[in-house]
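*Asks:* coords below, sequence missing:
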């Protein structure tokens, strides 16, 4: 069966510090991968998606970047965090065909001080 | 631009009651609709996915329906239990599906509390 792992589960960072969140998927090959942010009182917002190694698409302009160095690894990064980057970050995967459901990890709670 | 609305934002019911959660969307050109459950501080668990050509999907005590022409979906939970307490989210996938159309549009969810 397929599993998705995200870490860390919680993170407290000062403004201006760098960020690296990691997501890995097991039990499948060549998945589509996604990063979402869930802010308090708002719905989930898609930040990035990837259909293959090195292929990243961004849905919204922002302070964050994403990379996919390996088939089943997806990384969310920032060089300098802003207060507005606080939120709950969720990684998800789906099979290649777009009529397949998306499956989510347990998320990372990011607090910026 | 697709908008997804879930009403009510919160719902409290006694244990054993059957209940319906509502989801509406503004653009009927969808490829599929997915219902999720989110426990506090946790990620999303996929419950049901309905393709645009389907009318309903069932899994255990859950039944999801889709009326694409009216832009509505419902999630029916039979014989509710305290363990069903969570936030339920619906999300729609745009059509046509293909390169670049991977963005699910989510509602803000309905927070369900089942009282023992």
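*Replies:* It's in. Just so it is clear, the model here is predicted, and its values are computed rather than measured. Numbers count the residues shown, from 1 in each chain, chains lettered A, B, ... in the order given.

*Asks:* so where's chain B uncertain?
*Replies:* B:95-102 (pLDDT under 70).

*Asks:* Which pLDDT does the model give the spatially closest residue to residue A:10 that is not a sequence neighbour?
*Replies:* Excluding the flanking residues, the one nearest residue A:10 by Cβ to Cβ, 6 or more residues apart in numbering or on different chains is residue A:109, at 4.6 Å. In this view, the C-beta of every residue, glycine as well, is placed from N, C-alpha and C. On the pLDDT scale, residue A:109 is placed at 95.

*Asks:* Report the contact partners of residue A:109.
*Replies:* For residue A:109, the contact set (Cβ atoms under 8 Å, 6 or more residues apart in numbering or on different chains) comprises A:9-11, A:88, B:41.

*Asks:* so it sits in a helix?
*Replies:* No - under the criterion used here (DSSP: H, G, I helix; E, B strand; the rest coil), residue A:109 is strand, not part of a helix.

*Asks:* and the gap between it and residue B:80?
*Replies:* Note on residue A:109: its distance to residue B:80, by Cβ to Cβ, to the nearest Å, is 28 Å.

*Asks:* could you list every residue that touches residue 17?
*Replies:* If you meant another chain, say so; for now it's chain A. Contacts of residue A:17 by Cβ under 8 Å, 6+ apart are A:80-81.

*Asks:* Let me rephrase: I mean chain B.
*Replies:* With the criterion set at Cβ under 8 Å, 6+ apart, residue B:17 makes contact with B:79-80, B:114.
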